[in-house]
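Colleague: no FASTA, just this:
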């Protein structure tokens with residue numbers, strides 16, 4: 001399954017000692033991903049190949065308290081793609097746990 005979406009970059013405020021940035025997968029796409037039969041993984045994570053601009057990497061998306069998945073945006077991707085807190089991001093995810 002491949003999904004594409006636009007979101008907003010946000011800083012995880014649960015830990016003030018670290019700079020973790022994410023974007024949320026929209027609710028309708030999150031629901032579709034949640035329906036995919038797959039083996040159970042820690043924290044309910046789902047392995048994906050993510051693409052933002054010219055950056056491509058493998059990571060996991062994680063369920064949030066809001067019921068959507070969140071995609072972590074590592075520093076090298078934020079720097080390469082000029083992503084900033086509160087700014088827009090366009091992402092493509094290929095779900096690998098299917």
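Modeller: Structure's in. What do you need? In this text the structure is predicted, and so the values were computed from the model without any measurement. Residues are numbered from 1 along each chain as shown.
Colleague: what helix or strand is the residue sitting nearest the centre point of the chain located in?
Modeller: The residue lying closest to the centre of the chain (C-alpha atoms, centre = their mean) is residue 71, at 1.3 Å. For residue 71, the host element (DSSP states H and E) is strand 69-72.
Colleague: what is the rounded mean pLDDT of that strand?
Modeller: In this model, strand 69-72 has an average pLDDT of 97.
Colleague: other SSEs contacting it?
Modeller: Packing partners of strand 69-72 (3 or more C-beta pairs under 8 Å, 6 or more residues apart in numbering; DSSP states H and E): strand 21-24, helix 27-34, strand 46-52, strand 55-63. (Glycine included, C-beta is placed from N, CA and C.)
Colleague: out of these, nearest to residue 75?
Modeller: Of all the helices and strands packed on strand 69-72, strand 21-24 sits nearest to residue 75, with 8.1 Å by C-beta to C-beta.
Colleague: quickly note the distance from the closest residue to residue 5 other than its chain neighbours to residue 76.
Modeller: Leaving out its chain neighbours, the residue that sits closest to residue 5 by C-beta to C-beta, 6 or more residues apart in numbering is residue 26, at 5.3 Å. In this view, residue 26 and residue 76 are 25 Å apart by C-beta to C-beta, to the nearest Å.
Colleague: same question for residue 33.
Modeller: When distance is defined by C-beta to C-beta, residue 33 is 25 Å away from residue 76.
Colleague: which one's more surrounded, those two?
Modeller: Taking other C-beta atoms under 10 Å, residue 33 and residue 76 do not tie; residue 33 has more neighbours (22 against 10).
Colleague: give the contact list for the more buried one.
Modeller: Taking C-beta atoms under 8 Å, 6 or more residues apart in numbering, we find residue 33 in contact with 1, 3, 25, 46, 61, 69, 95.
Colleague: in this protein, which ranges drop under the pLDDT threshold?
Modeller: 14-18, 98 (pLDDT under 70).
Colleague: again, only using 90
Modeller: 12-20, 36-44, 97-98 (pLDDT under 90).
Colleague: returning to that earlier point: ok, residues contacting the strand holding residue 71?
Modeller: Contact with strand 69-72 is made by 7, 20-25, 30, 33-34, 46, 48, 50, 59-64, 91, 93, as judged by C-beta under 8 Å, 6+ apart.
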